[in-house]
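Q: Here is a sequence together with a model predicted from it:
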Amino acid sequence: MFILLDLLLLVILIAAFERPVHAYLDPGSGSMLLQLVLGGFAGLVVIAKLYWRRLLALFGIRPRDDR
């Protein structure tokens with residue numbers, strides 16, 4: 001309960017003392033963010049493919065084979 005109140009107080013203080021930021025986001029920023037997300041997803045897929053048998057054995061879907 002106290003954590004929620006502290007968080008609410010923090011948000012109110014940040015909103016009360018905000019200053020304008022003079023920043024510019026060009027159109028390339030959105031594509032860079034999209035590329036970062038898609039690259040991370042592709043990395044997770046590659047890791048899952050490399051360890052597919054271990055993942056199945058971990059969840060008990062397939063018995064472990066001793067190689």
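A: Received it, and whenever you're ready, just let me know what you need. Residues are numbered from 1 along each chain as shown.

Q: helix, strand or coil for residue 25?
A: For residue 25, the secondary structure call by DSSP: H, G, I helix; E, B strand; the rest coil comes out as coil.

Q: residue boundaries of the helices in the protein?
A: For the chain, the helices defined by DSSP state H cover 2-16, 27-50, 52-58.

Q: Show me how far stretch 5-21 is from its chain's centre.
A: Centroid displacement of stretch 5-21 relative to its chain, using Cα atoms, centre = their mean, to the nearest Å, is 24 Å.

Q: Tell me which residues of that stretch come out buried.
A: Buried positions in stretch 5-21, judged by neighbour count with 16 or more other Cβ atoms under 10 Å: none. Any C-beta I mention is one placed from the backbone N, CA and C, and that applies to glycine too.

Q: and it, average pLDDT?
A: For stretch 5-21, mean pLDDT is 89.

Q: picking up where we left off before, out of the helices of the chain, indicate the one that is most buried.
A: helix 52-58 (a mean of 12; mean count of other Cβ atoms under 10 Å).

Q: Next, count neighbours for residue 24.
A: For residue 24, the neighbour count with other Cβ atoms under 10 Å is 5.

Q: First-to-last residue distance for stretch 42-57?
A: From its first residue to its last, stretch 42-57 covers 23 Å (Cα to Cα, to the nearest Å).
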